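>>> Please find the sequence and the predicted model below.
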Amino acid sequence: MTNSSTKQSKTSLQALVFGASGITGWAITNSALTYPTSSTFSRVVGLTSRSLSLETSGFPTDSRMQLYSDLDLSQDAETITKYLRKIEKVERITHVYFAAYVHHGWGDEGSEERIKENVDFIINAVTAVEAVCPNLQWYGFEFGKNVSRTTPLKESAPRVPAPYGDHIFYYPQVDTLTKLSEGKSWKFADIRPDAIVGFVPNHNPMNIAEPLALYASLWKSLSPSKQIPFPGTMDSYTHLQSNISSDQLGHFHIYASLHPELTAGKAFNIADVDEGLSWATVWPGIVAYLRLEGMGPVEKEGVSGELWVKGKQGEWDQWARGNGLRMGVLEKTCWEFMTVVTGEYSTLDRNFDISEARRIGFKESVDHVKGYHIAFDRMRAAKIIP
């Protein structure tokens, strides 16, 4: 491990992040500017599908940071190759992190299209990168956990069986990437987080922090009570989970890529802390940011959560304007994701065993509640919450 770090410090490492404005991509890009040191990467290039300026990206001011927008990964590899050739000195890129994703509903809804598009993303992106990045050492990728009735969940747990597993695009993605990497000089590892707590400059359907922040902010303004109910179910409130702060996730992606002799071809669960946490233990701390008192769920329709928020829809525009927020912030937030993660997704324990990450020397832990507060600080600066 020490030898690897020493060897790479003598080489000019340059990072390229696909999906730099998404929940994982933003975290990796932001981490690459400072982790493990502010000089680890001599350049960090972020790629986004939607237009995004450095000024509105939320990234710190840094001369090493470059952003390129309007990347369409649904195009063929040749077109993507032409796009990448526009990047200044793209041939010097050594580390690529793939965090792009197209969303087509949940579960079996649109799953066939979702799987095909996301697998094509991998194939076309890898083909294009190989054509323009001769110095490629690492191709970072993020999977999702395997689910088992036995917890804590280990990387060796079997895949979700059919018919449910047939709708998970991660499986064919990682299988495809494994085949593409055979006989190549570049390496990859399979990074597995649970639900991610973070910040994105544009809205993202996979960010649990944003709808929770807006739910609590709206409650503070429009409810007469300081006590805010948990937006999910009683069953989900007490089960264990291993949701992760985006900074912790970004750090681990970078760590894994800098130690390929320990990580290549392997899978790693990662979380904020070694032990599982329940919503009951963190919900009061999360909403304390807004000086609210977190209480358990009230399982009565329209009293809390998504239905309560949407019941106030007539007041959304005035509330956003009155607080100087971005227009459309409530309309663009994925309330369904909050309902799923605080509801049916949490009705079984899904806490992780992260001993494999510890075994390769990653010792960092994060106060999970503090991770929410950091995300809320970033949202506040971006005028997403008051």
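Ah, there it is.
>>> going forward, measure contacts and count neighbours with C-alpha atoms only.
Will do.
>>> I'd like to know how far residue 95 sits from residue 273.
The gap separating residue 95 from residue 273 is 27 Å, by CA to CA, to the nearest Å.
>>> These two: who's more crowded?
Between residue 95 and residue 273, counted using other CA atoms under 10 Å, the more crowded position is residue 95 (25 against 20).
>>> didn't the more buried one look like it was pressed against residue 16?
Yes: with contact defined as CA atoms under 8 Å, residue 95 counts as touching residue 16 (6.3 Å).
>>> Pairing partners for residue 97 in the sheet, please.
Under the criterion DSSP bridges, residue 97 forms beta bridges with residue 17, residue 140.
>>> so it sits right up against residue 14, yeah?
No: Residue 97 is beyond contact range of residue 14, at 11.0 Å (criterion: CA under 8 Å).
>>> Between those two, which has more neighbouring residues?
Ranked by neighbour count (other CA under 10 Å), residue 97 and residue 14 place residue 97 first, with 25 against 22.
>>> ok, the more buried one - contacts?
Residues near residue 97 by CA atoms under 8 Å, 6 or more residues apart in numbering: 15, 16, 17, 18, 25, 28, 138, 139, 140, 141.
>>> Helices of the stretch 51-200 of the chain, start to end?
Remark: helices assigned in the stretch 51-200 of the chain by DSSP state H, counting those that start in this stretch are 54-57, 77-85, 111-132, 170-181.
>>> among these, which is nearest residue 65?
For the helices of the stretch 51-200 of the chain, proximity to residue 65 was assessed by CA to CA; helix 54-57 is nearest, at 8.4 Å.
>>> May I have that closest one exported as PDB, CA atoms only?
As requested, the backbone C-alpha atoms of helix 54-57 are provided in PDB (Å, rounded to 0.1, in the frame of the first residue of the first chain):
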ATOM      1  CA  LEU A  54     -18.100  26.200 -12.500                       C
ATOM      2  CA  GLU A  55     -19.800  29.100 -10.800                       C
ATOM      3  CA  THR A  56     -23.000  27.100 -10.200                       C
ATOM      4  CA  SER A  57     -21.400  23.700  -9.700                       C
END
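>>> got a list of contacts for it?
Contacts for helix 54-57 (CA under 8 Å, 6+ apart): 21, 66, 67, 201, 382.
>>> Pretty sure residue 46 sits against residue 20.
Yes: contact status for residue 46 versus residue 20: in contact at 5.0 Å, counting by CA under 8 Å.
>>> Next up, phi/psi of residue 238, please.
The phi/psi pair for residue 238 (degrees, to the nearest 10) reads phi -110, psi -10.
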